[in-house]
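Asks: sequence first, then the predicted structure:
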2 protein chains.
Amino acid sequence: MNSSTDSARIDTRQTMQAPALSLPEIVPTTLPALDERVTGLLAEPTYPRHALGRIETLLQQLVRIQCTDPACFDGLSLDRPQVLVFAADHGIVDEGVSAFSQDVSRQRVEEVLRGQAPLNTLTRLHGFDLTVVDAGLAQQLLPPADAEDSVALLSRKIGHGTRNMVLSPAMSLRQAISALQAGMDVVRHLPGRVVALGDIGVGSTACAALLLSRLCGVPLPDACGRDQESAGVDSLRRQHRLEKLQAAAARHRKAVTPLEALAAMGGFEIAMQAGAILQAASERRIVLVDGFVAGAAALVARGLCPAVADYLVFGHRSTEPGHRLLLIHMQAQPLLDMELRVGQGAGALMAWPLLQAAQALLARQMPDT
Amino acid sequence: MNSSTDSARIDTRQTMQAPALSLPEIVPTTLPALDERVTGLLAEPTYPRHALGRIETLLQQLVRIQCTDPACFDGLSLDRPQVLVFAADHGIVDEGVSAFSQDVSRQRVEEVLRGQAPLNTLTRLHGFDLTVVDAGLAQQLLPPADAEDSVALLSRKIGHGTRNMVLSPAMSLRQAISALQAGMDVVRHLPGRVVALGDIGVGSTACAALLLSRLCGVPLPDACGRDQESAGVDSLRRQHRLEKLQAAAARHRKAVTPLEALAAMGGFEIAMQAGAILQAASERRIVLVDGFVAGAAALVARGLCPAVADYLVFGHRSTEPGHRLLLIHMQAQPLLDMELRVGQGAGALMAWPLLQAAQALLARQMPDT
């Protein structure tokens, strides 16, 4: 931590050398006339005002995302929804911060590729197209022989897992930028107006806790969760985990910008999700965000471009105590609170029918539909 | 209130005269071996324990409802879900406790019959059969000329609205029992393993607040909501409403059993919903409960037969402050918190996809499916 090759200093030098990060343009969606249009459409004389509650505010957001002119508003399009799952490994797992070994990340991805994961069930139920992206698993990922045809696999491997961030930055700035741009690139080629985001990677909640702590000023013990069981970590392990995360935070204490924090303490799947979020927002897609790790990616994306927040729909609040704090900092109220801990985007997909219900309730009031 | 023809005394006399209430037998569902079976099916070595969170506890409940023997367990059936909407009017509306007139109840029902209400949209989206029951609207209900064929209308009118409970009991014990039995009867003729319950009736939240206060010992100002806008009642009206409800509670202070409280301060649609809940539970159907008013019916049903609680799935928490307290007293955590105030069962239907997701996630782990 106190060595002269301080990682923050290395990062600073890398900033000079790294390619410039080119961010897509994201337009804020605020348009009060459109909100009033939605409220007016939903109002009925036989019910109290705002009787549809959060469905009304959700609809206002969705309509603002898809429509730029109240005069041309003709309903919502939720066709061909896409779910993107980014998978990567984390060097900090070497420090014993997770109950699972790195090999489990690959097993989880293979389960998805075989169509046998909880996510696949929800994908089929709700009619999503599923794309799995190897953002940086430690091992070589070979599609299993019994892989399901409907699951697309993209290899955008930035590295074989990040480095152990207790010892050095998780990735170089160059890698962080490559990962962000790979995420943008993946979204650019997707159809549809909705992208749901999930992730797979043992150790990823440690990154999410560190990013939350650094970017929002949340004390690390709170970001890690003082009381509850977290990420397969039992009470005996929790103190050990916190100490390791504190060591990582101290080592990278100078990594304070979103990009520096992402490189020093993030993960390839988090960086790629952040890129995907930015690109999707720039194309005025609805971004459906899953749990703590995808939330940390959203936090990074917001740090890079604040207007992105207008495009984010938070599907689910996980049991991770840090996730509750993250959502407060994002001023976001998730649609569901089902205490899921499977990652993968499962929480985002479970929330999907609420968007469909909202769309149908709006279409019901549209003169032309 | 202090007259010698005290309503509580009248009620007591009516108890003697009223026909005996015949309740169906309801068996508690507790079966730890079955819960363990579900947990075992959902467990996976690559995820933390109980990774599906509340989906796991929901599945345990649904499986317990449908299965009596772990050895014969072969998955969940959610085919042909039914939604029942009970409509009635309330004499207490004469006291100005609602922002709407009684005529609005009929208008809301007609909107449902024409297939144009929010509930119809959700019914179509989620494939429910819809039955509307006139439990006691003030006016004669004629199916509109442009009624939708798919909506069934049953007339089980107990009276033309209840009496004004500030002046006398809302209904006689005989009427309460007739309404309970009509509710049982309606369910008896329905197909499917799931019944969702909703209600329409201006003034019904006043009944729900009074029943909550009486049956759970909640102070009436809390049951009515001290702070928030409630049931279309603005802040100026709230004090007036509370005074009227306090007068009703004082008049019926001796109505302490669930049946007496239901008769004195309930509504026909609440009584009929309570009967429907009891019958559905006795047939081991899953009962999907909507907001505050359906919740009050569930409270009455639980008072009459505590085992019924095992069969109740609470779909939605409304903005009514009393509803939050009611759910705490039922020890229930609703699936959604969308701040809806449309009644009708809309909240229950919005929660339905979570039951479907749970079913699919269980089926995925069943060897034979």
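Replies: Sure, I can see it. Residues are numbered from 1 along each chain as shown, chains lettered A, B, ... in the order given.
Asks: ok, now which ones touch the most centrally placed residue in chain A?
Replies: Centrality entry for chain A: nearest residue to the mean C-alpha point is A:Ala294, 2.1 Å, by Cα atoms, centre = their mean. Neighbour list for A:Ala294: A:Leu197, A:Gly198, A:Asp199, A:Gln273, A:Gly345, A:Ala348 [criterion: Cβ atoms under 8 Å, 6 or more residues apart in numbering or on different chains]. Every residue, glycine included, has its C-beta placed from N, CA and C.
Asks: select only the buried ones of these in ChimeraX?
Replies: Of these, the buried ones can be selected in ChimeraX as follows, counting by 16 or more other Cβ atoms under 10 Å in any protein chain shown:
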select /A:197,198,199,273,345,348
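Asks: just send the contacts of A:Ala294 back as a markdown table, with pLDDT too.
Replies: Supplementary listing: the contacts of A:Ala294 in a markdown table, determined by pLDDT from 0 to 100:
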| residue | pLDDT |
| --- | --- |
| A:Leu197 | 97 |
| A:Gly198 | 95 |
| A:Asp199 | 96 |
| A:Gln273 | 98 |
| A:Gly345 | 93 |
| A:Ala348 | 96 |
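Asks: just put the contacts of A:Ala294 in CSV and tack on secondary structure and distance to B:Ile92.
Replies: Output for those, formatted as CSV (DSSP: H, G, I helix; E, B strand; the rest coil; distance: Cβ to Cβ, whole Å):
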residue, secondary structure, distance to B:Ile92
A:Leu197, strand, 50
A:Gly198, strand, 50
A:Asp199, strand, 54
A:Gln273, helix, 54
A:Gly345, coil, 49
A:Ala348, helix, 44
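Asks: pick the one among the contacts of A:Ala294 closest to chain B.
Replies: Within the contacts of A:Ala294, distances to chain B taken as Cβ to the nearest Cβ reach their minimum at A:Ala348, with 12.1 Å.
Asks: now that closest one. Nearest residue, chain neighbours left out?
Replies: Spatial nearest neighbour of A:Ala348, excluding adjacent residues (Cβ to Cβ, 6 or more residues apart in numbering or on different chains): A:Gly315 at 3.7 Å.
Asks: and the strand or helix carrying A:His323, which residues are buried?
Replies: In this assignment (DSSP states H and E), A:His323 forms part of helix A:321-329. With burial defined by 16+ other Cβ under 10 Å, the residues of helix A:321-329 counted as buried are A:Pro321, A:Gly322, A:His323, A:Arg324, A:Leu325, A:Leu326, A:Leu327, A:His329.
Asks: how about stretch A:332-349?
Replies: Residues A:332, A:334-349 are the ones in stretch A:332-349 that count as buried (16+ other Cβ under 10 Å).
Asks: repeat for stretch A:123-137
Replies: Within stretch A:123-137, the residues that count as buried by 16+ other Cβ under 10 Å are A:123, A:125-126, A:128-137.
Asks: so of the residues you listed, which ones are in strands?
Replies: Cross-referencing the buried residues of stretch A:123-137 with the strands (criterion: DSSP state E) gives A:Asp129, A:Leu130, A:Thr131, A:Val132, A:Val133, A:Asp134, A:Ala135, A:Gly136 as the overlap.
Asks: pLDDT for the residues you listed - can I get that in a markdown table?
Replies: Putting those into a markdown table (pLDDT from 0 to 100) gives the following:
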| residue | pLDDT |
| --- | --- |
| A:Asp129 | 98 |
| A:Leu130 | 98 |
| A:Thr131 | 98 |
| A:Val132 | 98 |
| A:Val133 | 98 |
| A:Asp134 | 98 |
| A:Ala135 | 98 |
| A:Gly136 | 98 |
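Asks: nearest to A:Asp149 among these?
Replies: The shortest approach to A:Asp149 among these belongs to A:Leu130, at 11.2 Å (Cβ to Cβ).
Asks: contacts only, for that closest one.
Replies: So, once contact is read as Cβ under 8 Å, 6+ apart, A:Leu130 ends up touching A:Gln82, A:Val83, A:Val85, A:Val112, A:Leu119, A:Asn120, A:Thr123, A:Ser150, A:Val151, A:Ala152.
Asks: pLDDT at the first one, what is it?
Replies: In other words, A:Gln82. According to the per-residue confidence, A:Gln82 scores 98 in pLDDT.
Asks: and for it, the neighbour number?
Replies: For A:Gln82, the number of neighbouring residues by other Cβ atoms under 10 Å in any protein chain shown comes to 23.
Asks: same deal with A:Asp149?
Replies: There are 6 residues near A:Asp149, going by other Cβ under 10 Å.
Asks: these two touch, right, A:Ile270 and A:Ala206?
Replies: No - because the distance of 11.0 Å does not satisfy Cβ atoms under 8 Å, A:Ile270 is recorded as not touching A:Ala206.
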